[in-house]
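S.K.: Here's a sequence, model it:
(one chain, ligands or ions: 1)
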Amino acid sequence: MTARILDGRVYAAKIKERVAREVQTLKSQYDIHPGLATVIVGEDEASKVYVAAKHKGCEELGICSEILRMPQSTSREELLARIESLNNNPRIHGILVQLPLPAHLAPETAELLNRIQPDKDVDGFHPVNVGRLGGGEERLVPCTPYGCIKMLEMADIPVGGKKAVILGRSNVIGKPMFHLLLARNATVTMCHAETADLAAVCRTADILVAAAGSPGFVTADMVKPGAVVIDAGINRVPGEKRIVGDVDFASVKEVAGCLTPVPGGVGTLTLAMLLYNTVRAAQLQHKIFL
Ligand code: GUN
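M.R.: The predicted structure follows:
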């Protein structure tokens, strides 16, 4: 069997079309112009590329985008003051502090992000939004897992009653993915570095989500024939610009029923969901539900 390849670009385009329509409605009917502020501290080269892509995505959809560049030497207090001023700025509906922060601020990442007003937290990382998701309320949800679940919906892949296995327990992908799948009535198993008989657990999955951060980790022998395999891994090949996923694409595509590629899979949905969250944040702040 050769897997059906789920092209993230097709689904991202559909989400963006919908978001663009909502932006136009907010502008024409309510005079609300959704705005995203992205704060980038320091000179991380990969972050600069990601931030530029976010800015371009906003411009394409008519979302106002501000990039706030802060020097590598920025202090905790300076960053907090910037976050506070964005919290109080009515033109800014979404705030994203690009990670990773420079080494001297990195240990305080959680504390700093927690100062973003929850309804402006378009990353969905604030404890209030984490708690809401755990409680079954999907208000502002982390972009990558949200993109994965939207893709499953758009690809007409049923989730209810299925056995889902998640590889990787990160706050950014694994844990929110757990709640999203559970809320849709999957039976969900969360695996991590100390899971016993990992390959055997993976082989029980109807839906396998790979977010382990390890290139080519999922091989064909770990996949049940016909399973849906979502590759949420983004691994930079050392010394190259190329990225590879957590799934060994060549072997797994011969076993899986559906498979997302890297690049061109869930990564493209992450940006679309950031734009979606920005518009949702604007609606939340103005109590408008389109
Ligand atoms: N750096 C890489 N990915 C992300 C993301 O999704 N959000 C933030 N804030 N920083 C990132």
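S.K.: Apart from its chain neighbours, what residue comes closest to Asp7?
M.R.: Distances taken as Cβ to Cβ, 6 or more residues apart in numbering place Gly264 nearest to Asp7, at 6.3 Å, with adjacent residues excluded. (Glycine included, C-beta is placed from N, CA and C.)
S.K.: got the phi/psi numbers for the one you found?
M.R.: phi 90, psi 10 (degrees, to the nearest 10).
S.K.: I'd like the distance between the residue nearest to Thr204 when sequence neighbours are not counted and the ligand.
M.R.: Spatially, and ignoring its direct neighbours in sequence, Thr204 is nearest to Lys163 (5.7 Å; Cβ to Cβ, 6+ apart). In this view, Lys163 and the ligand are 28 Å apart by Cβ to the nearest ligand atom, to the nearest Å.
S.K.: now do Val41
M.R.: When Val41 is compared with the ligand (using Cβ to the nearest ligand atom), they lie 11 Å apart.
S.K.: from memory that residue sits against His104, does it?
M.R.: No: with contact defined as Cβ atoms under 8 Å, Val41 does not reach His104; the gap is 10.1 Å.
S.K.: Please identify which of these two sits among more neighbours.
M.R.: Val41 (24 against 13; other Cβ atoms under 10 Å).
S.K.: List the residues that contact the more buried one.
M.R.: Contact analysis of Val41 by Cβ atoms under 8 Å, 6 or more residues apart in numbering lists 70-72, 74, 79, 97-98, 101-102, 105.
S.K.: okay, those residues in CSV with distance to the ligand and pLDDT next?
M.R.: Below are the contacts of Val41 laid out as CSV (distance: Cβ to the nearest ligand atom, whole Å; pLDDT from 0 to 100):
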residue, distance to the ligand, pLDDT
Met70, 14, 98
Pro71, 18, 98
Gln72, 17, 98
Thr74, 16, 98
Leu79, 13, 98
Val97, 6, 98
Gln98, 5, 98
Leu101, 9, 98
Pro102, 13, 98
Leu105, 13, 98
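S.K.: Could you turn the buried ones of the residues you listed into a PyMOL selection?
M.R.: In PyMOL, a selection of the buried entries from the contacts of Val41 looks like this (16 or more other Cβ atoms under 10 Å):
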select buried, resi 70+74+79+97+98+101+102+105
